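Novice: I'll drop the sequence and a predicted model, then ask my questions.
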Amino acid sequence: MAVFGLSQTEEAIYRHFLRNPGTSDDDIHLLLEISPHQARESVNRLCAVGVLSRTESNLLSAVSPETAVDRLTELRLRELHKEFEHVIRSRHLVSELRTEQGPKAVAPHGVERLQSLPQIRNRIDDLAFFAREEILSVEPHTALTPENISRARRLDQRCLRRGVRMRSVVRKEALEHPPTLDYLRELAAQGAVIRVAEDVSERILVYDRRAALVPRDPADTTRGALLAHEEGLVASIVALFEKIWDQAEDLSGSVDGQAGADDGPGPGDIERRVLQWMCQGHKDEIGARALGISIRTYRRHVAELLRLLGASSRPHAALVARERGWI
């Protein structure tokens, strides 16, 4: 459990109370051959993070492994997010370090020519990492490969988590590809604003209205890309984006227009009831008990609902279910 930030001693104490619930911690230091002070500090921390609980009679019990892992995961992710925010706020170091190069250091200007796909991807990684305000994009693709989605998800989620606004226009034809549609819905659920256009051929990426990436040859993207830093040129590309944006419609409206033809079979009565409990954020144990079924059966229904909805997670399933009118 070190991945969650627990020490070996803390993990040993948690495992002890899993095996011996409702017991005292008076002699735990003797069992683990540690000092009373170390044992007391470890128990207090485990109680603070919510994986141990103390009764009124001062006895200790461990929460279930599922609950413990959920709580420790949330805590660890929160800590990592704070650390990440601290790191990205250190961008000013770039300018300071560049001064060490003397007069040879030159800030990006004009237009960069990017030749190879790895070079383009590396520049996109850099631009996304340093984006602070807004990312604009027009994507004329009709289907994303699993590799494209995996790569895009990493960059997009990182930007959205730190509050970068994202506006994107995609082709309506892309909605006919279920994995692509699922990913667009996922982005929208996380705060991105997606619009759909009947037919777009432009491929545009703009970062903070300071840098704009376009293909060198729109008809053949393998020929590389151009990265513009020139203020006037970037402004013209932004104006083109805004024109495309104004003529596009919201993703939700486009998806609703396809409802009925693409939604597939609805849930049965028991699955609809499971869906209601799942979308309320209740633990599986509570939902199963309320419905009078075993937790294994409850989770089997959850898995079937995720399959029916084409969802990658429970929050994603809740979003799609609401769009389809299932809840």
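Specialist: Perfect, I can see it now. This is a predicted model, so every value here is computed, not measured.
Novice: center of the chain - which residue?
Specialist: Gln157 (4.3 Å; CA atoms, centre = their mean).
Novice: Okay, buried residues for the stretch of helix or strand that one belongs to please.
Specialist: Per DSSP states H and E, Gln157 falls inside helix 146-161. For helix 146-161, a neighbour-count test (16 or more other CB atoms under 10 Å) marks 149, 152, 155-156, 158-160 as buried. C-beta coordinates here come from the backbone N, C-alpha and C atoms, glycine included.
Novice: check contacts around the residue nearest to the centre of the chain.
Specialist: Listed by CB atoms under 8 Å, 6 or more residues apart in numbering, the contact set of Gln157 reads Gln190.
Novice: Next secondary structure element downstream of the helix holding Gln157?
Specialist: Helix 146-161 is succeeded, C-terminally, by strand 165-171 (DSSP H and E).
Novice: Please name every helix or strand in contact with that following strand.
Specialist: On a contact count with 3 or more CB pairs under 8 Å, 6 or more residues apart in numbering; DSSP states H and E, strand 165-171 meets strand 134-139, helix 146-161, helix 178-189, strand 193-197, helix 231-247.
Novice: The same query, at a cut-off of 7 Å, please.
Specialist: Judged by 3 or more CB pairs under 7 Å, 6 or more residues apart in numbering; DSSP states H and E, strand 165-171 is in contact with strand 134-139, helix 146-161, strand 193-197, helix 231-247.
Novice: and Glu323, which of those is closest to it?
Specialist: strand 193-197 (13.0 Å; CB to CB).
Novice: what comes up buried for the closest one?
Specialist: Applying 16+ other CB under 10 Å to strand 193-197 flags 194-197 as buried.
Novice: what's the answer for stretch 46-55, then?
Specialist: 46, 49, 51-52.
Novice: Give me the mean pLDDT for that stretch.
Specialist: Taken as a whole, stretch 46-55 carries a mean pLDDT of 88.
Novice: Also stretch 181-191?
Specialist: 86.
Novice: same check, this time on stretch 136-144
Specialist: 89.
Novice: And stretch 218-228, by the same measure?
Specialist: 83.
Novice: hmm, who's touching it?
Specialist: 111-115, 120, 123, 201, 203, 211-217, 234, 237 (CB atoms under 7 Å, 6 or more residues apart in numbering).
Novice: among the residues you listed, which ones are buried?
Specialist: Buried among the contacts of stretch 218-228 (16+ other CB under 10 Å): 114, 120, 123, 203, 211-215, 234, 237.
Novice: How about Cys47: what's its closest non-neighbour residue?
Specialist: Arg54 (6.1 Å; CB to CB, 6 or more residues apart in numbering).
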